[in-house]
Every structure is written in C-alpha cells, then in structure tokens.
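Colleague: Sequence and predicted structure below; questions after.
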Amino acid sequence: MTKKDILIVGAGISGLLAADKLQKAGFTVQIVDKGRGVGGRMATRRIGPGRADHGAQFFTVRSPIFKEYVDQWVADGSVFQWASGWSHDPNTPAKQDGYPRYAGKNGMTAVSKALAPRFDIQLTCKLTQIEQKGDGWMAISENGDVFESSNLLLTPPVPQSLALLDSGKVSLTETDRSALEKIAYSPCVAGMFWVDGKVNLPEPGALQRPDHTFTWIANNQRKGISPDAQLVTVHANEAKSWEIWDAPQEEKIEALLAGLRPLLDSDATIKEAQAHRWRYAQPKVLHPERTLLASNLPPLAFAGDAFQEARVEGAALSGLAAADALIKE
Ligand SMILES: Cc1cc2nc3c(=O)[nH]c(=O)nc-3n(C[C@H](O)[C@H](O)[C@H](O)COP(=O)(O)OP(=O)(O)OC[C@H]3O[C@@H](n4cnc5c(N)ncnc54)[C@H](O)[C@@H]3O)c2cc1C
C-alpha cells in the first residue's frame with residue numbers, strides 16, 4: 001500500500017470532515033474504519049422492512065462553521081429538519097424552542113454516506129496496533145493490512161485510541177497521556193422494536209426525558225426514515241445501561257421493553273426486537289480544547305466528540321480543528 005500523507009482512523013463525522021478539509025488542502029488521505037459502513041455512532045440499522053437510528057438521533061447546529069455544512073446537506077437532500085423541540089412528557093406537546101433538530105434522510109448515516117465517495121476508505125478494517133516508524137506512522141489491522149503515513153489522526157473514543165498506541169509502544173508525554181486519560185464516557189444500551197399497533201408518543205414522534213431511566217423513545221416511522229415498518233428506538237440511561245450490560249440479550253430486550261410498554265396500546269405486539277451496547281456513547285468528562293496535538297512525536301492529532309464539545313456538532317468541529325492543526329504542522 002502506498003504511503004499517504006495522512007492516515008485517519010474512524011469514518012465517523014469527525015474523521016470524514018477532517019478528511020474533507022485535508023484533502024481540499026492538497027494532502028493524500030487514507031481513512032480506515034472497523035465498521036461495515038461509515039458513520040460511526042451516527043448509526044442506522046435495518047430490521048425487517050424498516051430502519052431505526054440506534055446511535056445519534058438528531059443533531060443541532062449552533063456554530064456558523066457547522067451551519068455552512070448543514071445548509072449544504074439540507075440543500076442536497078441528505079438532511080432534513082425533524083423538529084424544533086421535544087416533549088418531556090407523553091401527554092404534553094413538544095416545547096418549540098427555536099433550535100432546529102436535524103436528522104438524516106433514511107437514517108443518520110445519510111450524511112456520512114453522502115461524504116464517503118470522495119475518500120479512499122477501507123471498511124471492516126479493525127486496527128490492532130499503531131507504531132512510530134521513522135518520522136511517520138505504521139498501523140496494522142487484525143487482517144494483517146499495513147498502512148503507512150506521515151501524519152496520523154485518531155478519532156475513535158479516546159480509550160480505544162490509547163489502546164492502539166499502547167499496543168505499538170508509542171510513548172506519549174506524561175502531560176498528553178494524563179490529559180487524554182481524564183476523558184470519560186457513559187455507556188448506553190439501545191433497543192429497537194418493530195411494533196404492530198399504536199405507540200402513544202407526542203408530536204413529532206419522540207419523547208426526551210434526561211432524568212428518566214429511559215431517556216429517549218422515538219418512532220422512526222414518524223421520523224420519516226422507516227415508511228414500511230414502525231420501528232421504535234429506546235435508550236436506557238447510564239445506571240440502567242450498566243445494570244443490564246452483561247445480561248443475556250433477551251433480558252436486555254425485556255428491560256428496554258419495560259420502558260416502551262406504558263406507551264403501547266394494550267393490543268400492540270412486538271414483531272421483532274434487538275438491543276445494541278454502546279460502551280462509549282457520549283462523553284461525560286471532556287478535554288478543554290477541540291483537538292490535542294501530541295508533543296515529541298511525528299504529527300499525531302486526537303479528535304472526536306470528547307474534545308471541548310459533545311454530540312455530533314462537537315465531533316464535527318473537533319475533526320475540522322484537528323485538520324487545521326495538522327495542516328499547520
Ligand atoms: C446512543 C447514542 C445516542 C446519541 N444521541 C445523540 C444525539 O441525539 N445528538 C447528537 O448530536 N449526538 C448524539 N450522540 C453522540 C454522537 O453520535 C457522537 O457525538 C458522534 O457521532 C461522534 O462522532 P465521532 O466521529 O467523534 O466518533 P464515532 O462516530 O464514534 O467515530 C469513530 C469511528 O472510529 C472507528 N474505530 C474505532 N476503533 C477503531 C479501530 N481499532 N480500527 C478502525 N476503526 C475504529 C469506529 O468504528 C467509528 O466509526 C449519541 C451517541 C449514542 C451512542
């Protein structure tokens with residue numbers, strides 16, 4: 001494989017937007033991701049004839065930089081405005097707060113799918129080790145693929161990035177390591193249910209309850225991404241997610257169904273159900289800057305939603321900041 005200027009680990013939103021900026025600046029870029037598709041935690045799954053978003057559910061836009069990208073995605077049809085506020089109670093209509101909530105057409109992966117064709121991306125490629133090679137980097141996958149580059153951008157959740165560097169005996173400075181080790185994430189167990197019958201969710205088909213055991217319940221059919229089947233997504237909070245983390249799959253599904261049941265009509269039935277564990281769902285301790293450029297090593301940047309700002313927008317802005325930092329180097 002030819003040596004590229006930049007190897008980006010992760011084809012989530014931070015890796016893809018960084019790639020876009022770096023490629024436009026004239027660098028050759030290789031992206032690798034362990035997933036079967038692009039998008040990372042902006043994930044959509046098929047069940048029967050339907051689709052369900054089981055990671056990120058929507059995103060907001062606050063910064064003018066991210067807005068420029070989102071306006072373009074809305075214009076090209078990969079993104080639409082789903083709501084401008086959520087209800088926190090099944091019997092109360094959503095409060096409109098003026099902030100648009102966007103979602104991907106046919107699912108949250110839409111944005112990444114629209115960006116991906118511009119790049120050289122190797123999917124189903126799980127890296128197991130990254131080592132320093134001369135004044136650059138060498139990454140090795142579990143299938144034995146080898147990638148060499150002058151610069152490296154790591155966008156997986158930070159504990160996973162650190163594990164890759166540790167396998168290759170890369171020594172970060174004490175200061176960099178201790179800053180990165182402070183970052184922490186909460187988990188989320190997500191359920192996806194194919195429901196036949198009425199699901200009583202307020203407009204526009206979702207319930208957001210930050211202080212409840214089941215923080216989020218949404219109807220993907222009413223969202224508009226699953227016209228042929230009513231698939232409902234349920235997210236458990238951190239405490240519930242840990243409680244059921246190691247339980248057999250059927251028990252996880254039962255536990256998540258307990259959150260959905262009060263919203264179902266008595267004659268509604270479940271045709272199929274799945275559960276998914278996100279170990280690094282959302283950051284709860286963030287690094288204060290948008291990126292971290294490692295000291296005393298060949299160019300190496302860390303990016304993702306744990307850098308200064310969480311969620312999709314934070315990840316996007318972090319990827320762009322990391323690209324700027326590498327261009328400067
Ligand atoms: C359940 C859940 C609900 C959420 N809800 C919302 C929401 O409603 N709104 C919102 O804005 N945000 C939400 N988020 C957060 C949002 O999804 C993330 O902030 C954002 O998608 C992170 O993007 P990223 O590029 O930083 O990381 P990721 O999307 O995680 O991308 C990192 C990529 O690295 C890859 N990778 C990891 N290790 C390796 C390896 N060894 N080799 C190769 N590739 C590797 C992964 O496969 C992944 O694709 C939610 C997340 C979850 C899990």
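Modeller: Yep, that arrived.

Colleague: which residues touch Ile253?
Modeller: 191, 273-275 (C-beta atoms under 8 Å, 6 or more residues apart in numbering). Using the backbone N, CA and C atoms, a C-beta is placed for each residue, glycine as well.

Colleague: By neighbour count, which of those residues wins?
Modeller: Gly191 (26 neighbours; other C-beta atoms under 10 Å).

Colleague: pretty sure it contacts Thr233?
Modeller: Yes: under the criterion of C-beta atoms under 8 Å, Gly191 makes contact with Thr233 at 7.2 Å.

Colleague: Just confirm yes or no for the helix or strand hosting Met138 near the ligand.
Modeller: Per DSSP states H and E, Met138 falls inside strand 136-141. No: interface with the ligand: strand 136-141 contributes nothing (C-beta under 6 Å from any ligand atom), its closest point being 7.1 Å away.

Colleague: which other residues reach that strand?
Modeller: The set of residues external to strand 136-141 that reach it, using C-beta under 8 Å, 6+ apart, is 3, 7, 9, 32, 125-132, 146-152, 164, 168, 298, 300.

Colleague: immediately after that strand, which helix or strand?
Modeller: Sequence order places strand 146-154 as the next helix or strand after strand 136-141, per DSSP H and E.

Colleague: Show me what that next one is packed against.
Modeller: strand 4-9, strand 29-32, strand 127-133, strand 136-141, helix 158-167, strand 300-302, helix 311-328 (3 or more C-beta pairs under 8 Å, 6 or more residues apart in numbering; DSSP states H and E).

Colleague: Partner strands of it, with direction?
Modeller: strand 4-9 (parallel), strand 136-141 (antiparallel), strand 300-302 (parallel) (DSSP bridges).

Colleague: and those strands as CSV, adding mean pLDDT and mean neighbour count?
Modeller: Output for the strands paired with strand 146-154, formatted as CSV (pLDDT from 0 to 100; neighbours: other C-beta atoms under 10 Å):
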stretch, mean pLDDT, mean neighbour count
strand 4-9, 98, 23
strand 136-141, 98, 20
strand 300-302, 98, 26
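
Colleague: Tabulate those strands (CSV), appending distance to Tyr102.
Modeller: Converted to CSV, these look like this (distance: least, C-beta to C-beta, whole Å):
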stretch, distance to Tyr102
strand 4-9, 24
strand 136-141, 33
strand 300-302, 26
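
Colleague: So which of the helices and strands packed on strand 146-154 is nearest Arg51?
Modeller: Nearest to Arg51 among these is helix 311-328; the distance by C-beta to C-beta comes to 18.2 Å.

Colleague: average model confidence for that closest one?
Modeller: Mean pLDDT, helix 311-328: 98.

Colleague: how is this protein carved up into domains?
Modeller: Each domain of the chain is listed here as a residue range: 4-36+123-183+286-328, 45-109+184-283, per automatic domain parsing.

Colleague: The last one: how far from the chain's middle?
Modeller: This points to domain 45-109+184-283. In terms of C-alpha atoms, centre = their mean, to the nearest Å, the centre of domain 45-109+184-283 is found 14 Å from the chain centre.

Colleague: gap between the two ends of that domain?
Modeller: Start and end residues of domain 45-109+184-283 are separated by 23 Å (C-alpha to C-alpha, to the nearest Å).

Colleague: And the pLDDT for Met1?
Modeller: Predicted confidence (pLDDT) for Met1: 66.

Colleague: on that earlier part again, now, which of the contacts of Ile253 sits nearest Gln81?
Modeller: Set against Gln81, the nearest of those by C-beta to C-beta is Gly191 (26.0 Å).

Colleague: Partner strands of the host helix or strand of that closest one and their direction?
Modeller: Assigned by DSSP H and E, Gly191 belongs to strand 184-196. According to DSSP bridges, strand 184-196 forms sheet pairs with strand 231-236 (antiparallel), strand 269-285 (antiparallel).

Colleague: Tell me the residues of the stretch 151-300 of the chain that contact the ligand?
Modeller: Counting by C-beta under 6 Å from any ligand atom, the stretch 151-300 of the chain sits next to the ligand at 155-156, 160, 164, 188, 190, 235, 278, 281-282.
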